[in-house]
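**Q** show me the folded form of this:
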Amino acid sequence: MKILFLGDVVGRAGRSAIVERLKSLREDWRLDVVVVNAENATSGAGLSPAHAKTLLDAGADVLTLGDHAFDQRDMLSFIEQEPRIIRPLNFAKGAPGKGARLIDAGRGRKLLVVQVLGQVFMKRAFADPFSAVEAELKKHPLGGVAHAILVDMHCEATSEKMGMGHWCDGRASAVVGTHTHIPTADAQILSGGTAFQSDAGMCGDYNSVIGMEKAEPMRRFVTGMGKGRFTPATGEATLSGLYVETDDRTGLTTKTKMIRVGGRLEAATP
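**A** Next up is the predicted model:
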């Protein structure tokens, strides 16, 4: 199975890059499934139903969210209508939507997509992510019900993301981190056959402070005082993420590579 995971989409620049490039990437790389983290796609905070439809129409098969899952209030009801949007497993008891879903990957194959929030340095105290993921892995064993499994670990600490990678090693096809918007250079296949990258980076304008226009965050760093709201940067975006190829029999990864397409961080294709 050929899977492309794209990191946090930030604002209009990120959405435009998806719309302009994703369909051709699907064709050129013969992708089976594309998973996109979209929790910052609307004004840099949350995902609106209209922008969710834009990304799905552009070629995404699944959209994951994060700690900003319901910043756009309409998502509270829309997520119940759209099974291709996944919120974190451990977001809150009673939260609408699902934190894991089996997705049709063609030719009778299923991909399990799981998202979970970390606990370290996060603003809210979320439930234990490791036990939440453990339950899904037991319910959908790799190579059985699920031909491949992708875990989106949405959190601040690289150590916690790496911990989740090793926790899932040999039991998931890929564990990829999101949330910091900064791509890490550690894409690898762990000893048990699970692809891992600490953070996929963002789909946004890198001439920015993690996707936001520079002036306001820099003012706050220098003076400790805010003057306005953060607004997403609008220059050319780079699509950042992780490419994974799996063995259809075992579900383990045979090839993985960091992806950087367009913008300031252009890199080689798979």
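
**Q** pairing partners for the host helix or strand of V176, with directions?
**A** V176 belongs to strand 174-178 when assigned by DSSP states H and E. Here strand 174-178 has these sheet partners by DSSP bridges: strand 148-154 (parallel), strand 195-197 (parallel).

**Q** ok, now which ones touch the nearest residue to D104 once chain neighbours are set aside?
**A** Sequence neighbours aside, K110 is the residue nearest to D104 in space, at 6.6 Å (criterion: CB to CB, 6 or more residues apart in numbering). C-beta here means a position set from N, CA and C on the backbone, and glycine is covered the same way. Going by CB atoms under 8 Å, 6 or more residues apart in numbering, K110 touches L102, I103, D104, V145, A146, H147, A148.

**Q** among these, which lie within strands?
**A** L102, I103, D104, A148 (DSSP state E).

**Q** report the two of these separated the most.
**A** Spatially, the most separated pair among the ones in strands among the contacts of K110 is D104 and A148, at 12.0 Å (CB to CB).

**Q** out of these two, which sits in the more crowded spot?
**A** A148 (30 against 12; other CB atoms under 10 Å).

**Q** that one and K2, how far apart?
**A** Note on A148: its distance to K2, by CB to CB, to the nearest Å, is 10 Å.

**Q** give the other helices and strands that the least confident helix or strand in the chain by mean pLDDT contacts.
**A** One helix or strand of the chain scores below all others by mean pLDDT, DSSP states H and E: helix 215-223, with a mean of 94. Helices and strands touching helix 215-223, as assessed by 3 or more CB pairs under 8 Å, 6 or more residues apart in numbering; DSSP states H and E, are absent.

**Q** adjacent strands (with direction) for whichever helix or strand comes after it?
**A** For helix 215-223, the following helix or strand on the C-terminal side (DSSP H and E) is strand 239-246. Strand 239-246 has the following sheet partners, assigned by DSSP bridges: strand 2-6 (antiparallel), strand 253-261 (antiparallel).

**Q** any idea which of the ones you listed is most buried?
**A** Highest mean neighbour count among the strands paired with strand 239-246 (mean count of other CB atoms under 10 Å): strand 2-6, with a mean of 25.

**Q** so for the helix ranked longest in the chain, mean pLDDT?
**A** Longest helix in the chain by number of residues, with DSSP state H as the criterion: helix 11-29. For helix 11-29, mean pLDDT rounds to 97.

**Q** show me the contact partners of that helix.
**A** Contacts for helix 11-29 (CB under 8 Å, 6+ apart): 2, 4, 6, 8-9, 31, 34, 36, 40-44, 51, 54-55, 58-60, 202-205, 211, 231-239, 243, 261-263, 269-270.

**Q** contact partners of the very next helix or strand once past it?
**A** Under the assignment DSSP H and E, the closest C-terminal helix or strand after helix 11-29 is strand 33-37. Residues outside strand 33-37 that contact it (CB under 8 Å, 6+ apart) are 1-9, 18, 22, 26, 55, 59-66, 103, 105, 111, 113, 150, 152, 154, 178, 200, 203.

**Q** can I get the CA coordinates of strand 33-37 in CSV?
**A** The C-alpha trace of strand 33-37 is given here as CSV (Å, rounded to 0.1, in the frame of the first residue of the first chain):
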residue,chain,number,x,y,z
VAL,A,33,-4.4,6.6,0.4
VAL,A,34,-3.8,10.2,1.4
VAL,A,35,-4.2,11.3,5.0
VAL,A,36,-4.0,15.0,5.8
ASN,A,37,-3.9,16.8,9.2
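
**Q** just checking, next helix/strand downstream of it?
**A** helix 49-57.

**Q** who does that next one touch, helix- and strand-wise?
**A** Short answer (3+ CB pairs under 8 Å, 6+ apart): helix 49-57 packs on helix 11-29, strand 62-64, helix 75-81.

**Q** again, only using 10 Å
**A** If contacts are counted by 3 or more CB pairs under 10 Å, 6 or more residues apart in numbering; DSSP states H and E, helix 49-57 sits against helix 11-29, strand 33-37, strand 62-64, helix 75-81, strand 85-86.
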